[in-house]
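Novice: Based on what follows, work out the 3D shape:
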Amino acid sequence: MRRELFTVSGTLTFELVTGSGDVEVLSSGRDELFVELRGGPEEDYTVELNGSDLVVRPPTKRSGKRRFASTDIKLFVPSRASGEIRVASGDVVIGTELHELTVATASGDIRVDASIARDFSVKTASGDIKTREIGGHVFVATASGDVTVEDVGGDLTFNSASGDLRVGTIAGMVEVKGVSADVSIDAVAGHTVRARTLSGDVRLGIPPGRTVDLDMQTLSGEVVNRLSKSGGDPGPNTPLALSVKTVSGNLKLDSV
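Specialist: Reported below is the predicted structural model:
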């Protein structure tokens, strides 16, 4: 195992790249930074800290068995760090609060076990994504994989060929484009939801007293409206603009 230790001044920004291997980001609990590399050509990796910018990346050329060897990266960071992670094949686990995060993978699951203060962006070909609270905007583009987000403080954009979306509470706009995807949002606090799917159901939890301006276009689908007609908090004055276009899919509206 290779281990590097740095002292960080200022807010850390990191870039982690590995061809094959798992990535884990944890808290260092102080103003120090630890990088651990395990397996494969770990000694050939570039590990550099310039000011408050960390770069960890594999060698540009590898030969023999080392070319296909897997290298895991474990990073221990100070608080409020922001980062970008690129993995060809491997899982990503975030175990500490971050300011912002961007992840790109070809194959592998992504799990965020702590909140992200600002934006969270993911592009992946295959793999499930599960996160805690996101304070800013969320962008997810996936070919195959389910996505679960606890709460979103900003807007949410979800592009998927195959995979379901589950969200707790969202404060901003929702934009969904999918071939086959079920969408479930427990509580919609924003003012706009747009969903374009070939097949898949959309279920939305609507706070009591909100007006819904619905535009539903479907060949074979129905609207199930379980919204309460009176009582409760009147909610925001701005109506919820809800636009759903699907070939085969249902829309379910529930009171929350």
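Novice: Every contact and neighbour count from this point should use C-alpha atoms.
Specialist: Will do.
Novice: Tell me, how many residues neighbour residue 1?
Specialist: A count of nearby residues for residue 1, using other CA atoms under 10 Å, gives 11.
Novice: Distance-wise, check it relative to residue 72.
Specialist: Residue 1 sits 10 Å away from residue 72, taking CA to CA, to the nearest Å as the criterion.
Novice: shared neighbours, these two?
Specialist: 37-39 (CA atoms under 8 Å, 6 or more residues apart in numbering).
Novice: three-state assignment of residue 43?
Specialist: helix (DSSP: H, G, I helix; E, B strand; the rest coil).
Novice: what bits of the stretch 101-250 of the chain have low per-residue confidence?
Specialist: Scanning the stretch 101-250 of the chain for pLDDT under 70 picks out the ranges 229-237.
Novice: repeat that for 80
Specialist: 228-238 (pLDDT under 80).
Novice: ok now do residue 104, which residues does it touch?
Specialist: Residues near residue 104 by CA under 8 Å, 6+ apart: 85-87, 122-124.
Novice: please redo it, this time with the cut-off set to 10 Å
Specialist: By CA atoms under 10 Å, 6 or more residues apart in numbering, the contact set of residue 104 is 17, 84-88, 92, 110, 121-125, 141-142.
Novice: Residue 175 too?
Specialist: By CA under 10 Å, 6+ apart, the residues touching residue 175 are 139, 155-159, 192-196, 243.
Novice: how near is it to residue 206?
Specialist: Going from residue 175 to residue 206 by CA to CA gives 17 Å.
Novice: Next: residue 104.
Specialist: Here residue 104 is placed at a distance of 33 Å from residue 206 (CA to CA).
Novice: and if you look at residue 181?
Specialist: Relative to residue 206, and taking CA to CA, residue 181 is found at 20 Å.
Novice: before we move on, what about residue 96?
Specialist: 32 Å.
Novice: What is the neighbour count of residue 143?
Specialist: 18.
Novice: Looks like it contacts residue 127 (just checking).
Specialist: Yes. Applying CA atoms under 10 Å as the test, residue 143 and residue 127 come out as touching, 8.7 Å apart.
Novice: shared neighbours of those two, anything?
Specialist: 106, 163.
Novice: Show me how the chain divides into domains.
Specialist: For the chain, automatic domain parsing gives the domain ranges 1-64+72-98, 133-256.
Novice: from the middle of its chain, how far away would the shortest one be?
Specialist: In this case it means domain 1-64+72-98. How far domain 1-64+72-98 lies from its chain's middle: 19 Å, per CA atoms, centre = their mean, to the nearest Å.
Novice: Span of that domain from start to end?
Specialist: 26 Å.
Novice: I figured residue 246 hits residue 194, correct?
Specialist: No. Residue 246 lies out of contact with residue 194 (CA under 10 Å); the separation is 11.0 Å.
Novice: Pull stretch 207-226 out as PDB, backbone CA atoms only.
Specialist: What follows is stretch 207-226, C-alpha atoms only, in PDB (Å, rounded to 0.1, in the frame of the first residue of the first chain):
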ATOM      1  CA  PRO A 207     -48.600  19.400  -0.100                       C
ATOM      2  CA  PRO A 208     -52.200  20.200   0.800                       C
ATOM      3  CA  GLY A 209     -53.800  23.300  -0.600                       C
ATOM      4  CA  ARG A 210     -51.500  23.500  -3.700                       C
ATOM      5  CA  THR A 211     -53.000  24.100  -7.100                       C
ATOM      6  CA  VAL A 212     -51.800  21.800  -9.900                       C
ATOM      7  CA  ASP A 213     -51.800  23.000 -13.500                       C
ATOM      8  CA  LEU A 214     -51.700  19.600 -15.300                       C
ATOM      9  CA  ASP A 215     -50.700  18.900 -18.900                       C
ATOM     10  CA  MET A 216     -50.900  15.100 -19.500                       C
ATOM     11  CA  GLN A 217     -50.300  13.500 -22.800                       C
ATOM     12  CA  THR A 218     -50.400   9.700 -23.100                       C
ATOM     13  CA  LEU A 219     -51.500   6.900 -25.500                       C
ATOM     14  CA  SER A 220     -52.300   4.400 -22.800                       C
ATOM     15  CA  GLY A 221     -52.200   5.800 -19.300                       C
ATOM     16  CA  GLU A 222     -54.300   7.300 -16.600                       C
ATOM     17  CA  VAL A 223     -54.200   9.900 -13.900                       C
ATOM     18  CA  VAL A 224     -54.900   8.800 -10.300                       C
ATOM     19  CA  ASN A 225     -55.700  11.900  -8.200                       C
ATOM     20  CA  ARG A 226     -55.700  11.400  -4.500                       C
END
